[in-house]
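Asker: Got a predicted structure plus its sequence, pasted below:
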Amino acid sequence: MKFDVLTLFPEMFKPLEESIIGRATKNKKIEINLVNIRDYSKDKHKKVDDTIYGGGAGMLIKPDVVYDAYKSVASEKAKVIYLSPKGKTLCQDKVESLAKEEHLILLCGHYEGIDQRVIDKIVDEEISIGDYVLTGGEIPAMVLIDSVSRYAQGVLNNESIKDESFSNGLLEYPQYTKPELFENMKVPEVLLSGHHKNIERFRRNKSLELTYRNRPELLEKVELTKEDKEYLENLKKEDNDGYIKIN
Ligand code: 4HQ
C-alpha cells in the first residue's frame, strides 16, 4: 500500500521512521512518499500562500501550487484525502476500509487551510481525527497512516488485531505481566488459574465495565449475551445502591 503525502512540512513525518511503521517501510510492506508542496511554487520567492478574498485573518495555501504537487503523484486509482476538522471523524471501521485501498494521497493544510477550488477539484474525501483544532494536517495524516498501515499485509501479526479495543465493539480489558506482585498489588488471581473459561469471562466483564464507565454509547452498538446483560445490570445496581444483586 502506498501513501503520497502533500505537505509544506515533510520533516514533521520523522516519527514514522520509528518502530512498527519504520520497519514496515524498510520491509516494503508500505511506502510513504513525502511531497513538499513548496517545490511546486512558480514564484521566485517560493511563495505558497496568500491573503483571503473577502477578508479575514491569516493566509491560505494557493490552489495552483497544490494542484501541481498533486499532479506529480496522481494516479487513476488513488483516493485523495484532505485532513480537516470539517471532515467525517475517523473511526476504526473507516481505518479498515481505507486499508483496502492500494494508493492514498493525503493532502495536509496549514495556516488557515487551502483554497476551496483545488479541494473541490482533487479531493475525494475529507477526514477529521477529532473535534479539536490543530495547526496543520500533518499530525492527522500521521495518525491516518499509522492506523491504516497496521492492517496492511505483513505489518502486524494478526493475533494483535483480534482482542484490541473496538475489535469487538468494546474497550480492551486490562492486561498484566511479571512480576506477580508490584507495589503491594497482586495480579488478579483468575489470570494465574489456567481456567480458560473463567479468564474469558473475567476479561469480558472488565471490557463491559470499562466501556460502560468511559464510553457508554458504544454499548448501544454491540451484541450483548444474557450473561453480559446480567453483569451490566448488576454493575448499575451496585452504582445505585452499593449492593450486589442476588438472583
Ligand atoms: N486541522 N483533523 C486546520 C485540524 C484537523 C483535525 C488540519 C487544522 C487542517 C488547515 N485535521 N488545518 N482536527 O485540526 O484533521
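Answerer: Sure thing, it's come through.

Asker: Past the lowest-mean-pLDDT helix or strand in the chain, which element shows up next along the chain?
Answerer: Every helix and strand of the chain was ranked by mean pLDDT, DSSP states H and E. The lowest is helix 159-162, at a mean of 69. Later in the chain than helix 159-162, the nearest helix or strand by DSSP states H and E is strand 181-182.

Asker: Just give the strands next to that following strand in its sheet, each with its orientation.
Answerer: Next to strand 181-182 in the sheet, as set by DSSP bridges, lie strand 185-186 (antiparallel).

Asker: And the strands in this structure?
Answerer: Using DSSP state E, the strands of the chain run over 2-7, 31-36, 49-51, 59-61, 79-89, 103-108, 125-128, 181-182, 185-186.

Asker: Kindly reformat the ones you listed as CSV containing mean pLDDT, distance to residue 217 and mean neighbour count.
Answerer: All C-beta spots, glycine's among them, are computed from the backbone N, C-alpha and C. Shown next, in CSV, are the strands of the chain (pLDDT from 0 to 100; distance: least, Cβ to Cβ, whole Å; neighbours: other Cβ atoms under 10 Å):
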stretch, mean pLDDT, distance to residue 217, mean neighbour count
strand 2-7, 99, 31, 24
strand 31-36, 99, 34, 16
strand 49-51, 97, 40, 14
strand 59-61, 97, 36, 20
strand 79-89, 98, 13, 18
strand 103-108, 99, 29, 23
strand 125-128, 98, 18, 17
strand 181-182, 98, 33, 10
strand 185-186, 98, 31, 10
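
Asker: Make CSV from these and add distance to residue 205 to it.
Answerer: Formatted as CSV, the strands of the chain follow (distance: least, Cβ to Cβ, whole Å):
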stretch, distance to residue 205
strand 2-7, 39
strand 31-36, 40
strand 49-51, 54
strand 59-61, 51
strand 79-89, 29
strand 103-108, 39
strand 125-128, 34
strand 181-182, 22
strand 185-186, 18
